[in-house]
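**Q** got a sequence here, can you build the structure:
(chains A, B, C and D)
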Protein chains: 2
Amino acid sequence: MKQRSDRISILDIATRAGVSPATVSRVFNSPEQVSETTREQVLHVAREHGYRPNASARTLRTQRSRVLGVVLPTLNNPVFTECLQGIAQATATHGYAIMPATTEYKVNHEMEAVAQLQAFGVDGVILVVSDAQSSKALERLKTSKTPYTLIYNRHPDHPCVSVEGELAVHELVQKMVHLGHTRIAMVCGQLKTSDRAQQRYAGFVSGMRQARLEAAELIEVPFVETAIEQISVSLKKDNRPTALICSNDLLAIRAIRAAHQCGLRVPQDISVTGFDGIQLGQDLTPALSTISQPNYEMGRQSVLLLVKAINESRVPESRESLTLACQFQWGESCAQAPAPHCANT
Amino acid sequence: MKQRSDRISILDIATRAGVSPATVSRVFNSPEQVSETTREQVLHVAREHGYRPNASARTLRTQRSRVLGVVLPTLNNPVFTECLQGIAQATATHGYAIMPATTEYKVNHEMEAVAQLQAFGVDGVILVVSDAQSSKALERLKTSKTPYTLIYNRHPDHPCVSVEGELAVHELVQKMVHLGHTRIAMVCGQLKTSDRAQQRYAGFVSGMRQARLEAAELIEVPFVETAIEQISVSLKKDNRPTALICSNDLLAIRAIRAAHQCGLRVPQDISVTGFDGIQLGQDLTPALSTISQPNYEMGRQSVLLLVKAINESRVPESRESLTLACQFQWGESCAQAPAPHCANT
DNA sequence: CTGAAAGCGCTAACAC
DNA sequence: GTGTTAGCGCTTTCAG
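**A** Residues are numbered from 1 along each chain as shown, chains lettered A, B, ... in the order given. Okay, the predicted model is just below:
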């Protein structure tokens, strides 16, 4: 009975194929160096036994694991899973495997995740951090010369694949103003745990200022579980906003529900916009208006950037950072401001 | 300048701490065997240099990687990412890392994914396969004595963590019948790529039969991109169904949109139910009626099952399979059948 | 084109 | 309680 422990090794294949282990190795790593006959012979035996070179041994020997680490805040938000799919697709085509870790938005988890990934000898790391400016994890990556690329985060000192969130929200405010909205509020999660949210908020503030609108209300929703209730509070006020600009799509979905629960119709009574462009948003009714990011493509590009550097035995540089286009996607959740007299239903 | 290649090793730590590598190893693997003074000394040096034992070397030596492979159809469906979170949480608390792979519902990808994971020396694999009965990947896992656990799939010959989907749908049909529905259709993806969907469909058929209802319509939607249009076709027919039982929540969401596009109100004109209990479903309006599975918990349990077996140096047995409870969750997308005369608006 | 041999970093006997 | 040593499976000079 075959035991797990006697996994077939390069030596077994070599013996059975009547060649040396070196030749078997060559068949897998530089097949052109092996004569066709022996190569076929070896491959035949290998296939017969379902043999694959042991990755740990190879990693130990070559100092390359062909594994990329991925550090994400959570898998609860489709924006990250869409991006992860892009990463997975691109790594697969380049012969890499991935090892993901989530931080659940806890800053100290970032460091732990990175340390663990380094212990596994990953060739590089793709990450979304809470705050690129102050991240200890990035510091460690930098001093240990581990190749890494940030994604979604945007910072001049790091290689990033990101979008101009601040600008996008700024322009979105203008759009809403053109639609006649004057009482516009921003809804976001905990600002301090996300530099992206901060940037989006900055765009909101500057947009409101440029439009000469004051009272740029901020509805900060620390816990998703209570988001709907919290948003509802603002919607029940006199002089409630006629437009909610949410810092992500998940919040926008909850804002829409909050509006419904307050007896407001979306978009007739109140407009709601999101940010991220998660695929699901377009299957909802009303379809989400959102600033759509190319999430899958961002994941893909971050892999390309990283793998290119790795192949050149260097780390990605901040000047290689990529800014991808994001654009406002009209959806049914967004319309002209209601006529003034019926705004405070 | 520190190069990536001269990563600090156990020998460096040993030298700097004035002990042998064996002692350093003991500090990390069986600290109680080391005197407190030397232990502290070693730990101090290790922390100072941010040292962690090289996982590849350890794996090579011990034949245990402390990595679990996870094979899922896609990350596009929250049901799998919720489950993956449960897996990630449980593996983390047990000191395991995970290496995920997606098959995109392609049966032949299953084998490839498993082979790759085995090359990485994973200690076990958690997977969702297209069809447990015929899966070559499962066969390979079995003959190579690699510990594995199926999740969502339900099959007597394999260790599974699953729910009784067939029964749940059967009972759901009864519920709908009690609500006065007689024209009930099932909506599902490609039946042939999912044994779960087949089981749910079987429950639908048996439920309809028991209720003495005929014409159990099946709306098979092979591509998500065209789901809404395809469902709309059925909704525009004379004698359209008054209730749609969807084989998953993502389909239910699209069915709701299709209904809206056909001018039907949910649930007044038509009821829609899903299956899976994705979290997002409860934040929608109407909130999804669905057969709710404990996705996170299923992921967690599959890890426990697998890790337990691994720790006992054996493979999980089919008799250890776990059936978790799923239950119908009332939501706003489901109501009494409309009065007969206005059913065909 | 192929083989022999050293060694990647670690752990587990086995000594002391 | 601690050190010595062999070897996990592989790749990669170096010889031939």
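**Q** going by C-alpha atoms from here, please, whenever you check contacts or count neighbours.
**A** Noted.
**Q** enumerate every residue touching the spatially closest residue to residue A:174 that is not a sequence neighbour.
**A** Of all residues not flanking residue A:174 in the chain, residue A:207 sits nearest, at 6.5 Å (CA to CA, 6 or more residues apart in numbering or on different chains). Counting by CA atoms under 8 Å, 6 or more residues apart in numbering or on different chains, residue A:207 makes contact with A:169-171, A:173-174.
**Q** likewise residue A:335?
**A** Residue A:335 touches A:179, A:267-268, A:270-271, counting by CA under 8 Å, 6+ apart.
**Q** for these, which one is nearest DNA strand C?
**A** residue A:271 (56.4 Å; CA to the nearest atom of the strand).
**Q** could you pull out the helices for chain A?
**A** Remark: helices assigned in chain A by DSSP state H are A:10-17, A:21-29, A:36-48, A:55-62, A:78-93, A:107-119, A:136-143, A:165-178, A:195-210, A:227-235, A:249-261, A:295-311.
**Q** buried sites along the second one?
**A** Burial within helix A:21-29, assessed by neighbour count using 16 or more other CA atoms under 10 Å in any protein chain shown, is assigned to A:21, A:23-25, A:27.
**Q** check what pLDDT residue A:177 gets.
**A** You'll see residue A:177 listed with a pLDDT of 95.
**Q** hmm, I typed the wrong one, I wanted residue A:340.
**A** pLDDT for residue A:340: 69.
**Q** what residue ranges in chain A are flagged as low confidence?
**A** Residues of chain A that meet the criterion pLDDT under 70 lie in A:1-6, A:215, A:340-345.
**Q** what's the most distant pair in the contacts of residue A:207?
**A** Greatest spatial distance in these: A:169 and A:174, 8.7 Å, computed using CA to CA.
**Q** state the distance from the residue nearest to residue A:174 to residue B:81.
**A** Distance, residue A:207 to residue B:81, by CA to CA, to the nearest Å: 36 Å.
**Q** contact partners for residue A:289?
**A** Residue A:289 makes contact with A:272-274, A:328-334 under the criterion CA under 8 Å, 6+ apart.
**Q** if we go to 10 Å?
**A** Neighbour list for residue A:289: A:245, A:249, A:252, A:271-275, A:277, A:281-282, A:328-335 [criterion: CA atoms under 10 Å, 6 or more residues apart in numbering or on different chains].
**Q** report how many residues lie close to the nearest residue to it once chain neighbours are set aside.
**A** Spatial nearest neighbour of residue A:289, chain neighbours left out: residue A:331 (4.0 Å); criterion: CA to CA, 6+ apart. For residue A:331, the neighbour count with other CA atoms under 10 Å in any protein chain shown is 19.
**Q** wait, residue A:331 touches residue A:287, no?
**A** Yes: counting by CA atoms under 10 Å, residue A:331 does reach residue A:287; the two are 5.0 Å apart.
**Q** gap between the closest residue to DNA strand D within the stretch 101-250 of chain A and residue A:25?
**A** Per CA to the nearest atom of the strand, the residue of the stretch 101-250 of chain A with the smallest distance to DNA strand D is residue A:121, at 13.8 Å. Using CA to CA, residue A:121 is found at 21 Å from residue A:25.
**Q** hang on, the earlier thing: shared neighbours, residue A:169 and residue A:174?
**A** Shared contacts of residue A:169 and residue A:174, counting by CA under 10 Å, 6+ apart, come down to A:204, A:207.
**Q** neighbour count: the two, which is higher?
**A** For the pair residue A:169 and residue A:174, the greater number of neighbours falls to residue A:169 (27 against 17), based on other CA under 10 Å.
**Q** mind checking how far the more buried one is from chain B?
**A** According to CA to the nearest CA, to the nearest Å, residue A:169 stands 24 Å off from chain B.
**Q** also residue A:65?
**A** 9 Å.
**Q** with residue A:220 instead?
**A** Distance of residue A:220 to chain B, given as CA to the nearest CA: 18 Å.
**Q** pretty sure that residue contacts residue A:198?
**A** No: taking CA under 10 Å as the definition, residue A:220 is not a contact partner of residue A:198, at 11.3 Å.
**Q** so for these two, which sits in the more crowded spot?
**A** In this view residue A:220 and residue A:198 are compared by other CA under 10 Å, and residue A:198 has more residues nearby, 20 against 16.
**Q** ok, back up a step: can you pull the contacts of the spatially closest residue to the residue of the stretch 101-250 of chain A closest to DNA strand D that is not a sequence neighbour?
**A** Nearest non-adjacent residue to residue A:121, counting by CA to CA, 6+ apart: residue A:65, 6.2 Å away. By CA under 10 Å, 6+ apart, the contact list for residue A:65 reads A:55-59, A:96-97, A:120-124, B:56, B:120.
**Q** how does it look with 7 Å?
**A** Taking CA atoms under 7 Å, 6 or more residues apart in numbering or on different chains, we find residue A:65 in contact with A:59, A:121-123.
**Q** how about the residues of chain A by chain B?
**A** For chain A, the contact set with chain B under CA under 7 Å from any CA of the partner chain comprises A:4, A:52-57, A:59-60, A:75-76, A:81-82, A:85, A:98-99, A:119-120, A:144-146, A:253-254, A:257, A:283-285.
**Q** hmm, try it at 6 Å
**A** A:4, A:52, A:54-56, A:60, A:99, A:119-120, A:145, A:254, A:257, A:283, A:285 (CA under 6 Å from any CA of the partner chain).
**Q** and these, which are buried?
**A** A:4, A:52, A:54-56, A:60, A:99, A:120, A:145, A:254, A:257, A:283, A:285.
**Q** now, which of these sits nearest DNA strand C?
**A** The closest of these to DNA strand C turns out to be residue A:60 (CA to the nearest atom of the strand; 4.4 Å).
**Q** and the closest one, what does it touch?
**A** Residue A:60 sits next to residue B:56 when contact means CA atoms under 6 Å, 6 or more residues apart in numbering or on different chains.
**Q** separation between it and residue B:91?
**A** In this view, residue A:60 and residue B:91 are 24 Å apart by CA to CA.
**Q** same question, residue A:327
**A** Here the criterion is CA to CA. By it, residue A:327 lies 38 Å from residue B:91.
**Q** name the nearest residue to residue A:146, ignoring sequence neighbours.
**A** What sits nearest to residue A:146 in space, not counting adjacent residues and going by CA to CA, 6+ apart, is residue A:124, at 6.0 Å.
**Q** let me fix that: residue A:135
**A** Leaving out its chain neighbours, the residue that sits closest to residue A:135 by CA to CA, 6+ apart is residue A:129, at 7.1 Å.
**Q** over to the one you found: give its phi and psi.
**A** Reported as degrees, to the nearest 10, the phi and psi values for residue A:129 are phi -110, psi 170.
**Q** and the nearest residue to residue A:42 once chain neighbours are set aside, how many neighbours?
**A** Distances taken as CA to CA, 6+ apart place residue A:17 nearest to residue A:42, at 5.6 Å, with adjacent residues excluded. Other residues within reach of residue A:17, judged by other CA under 10 Å, total 21.
**Q** how about the residues of chain A that lie near DNA strand D?
**A** Residues of chain A lying near DNA strand D by CA under 7 Å from any atom of the strand: A:6-11, A:21-26, A:28-29, A:52-55, A:57-58, A:60-62.
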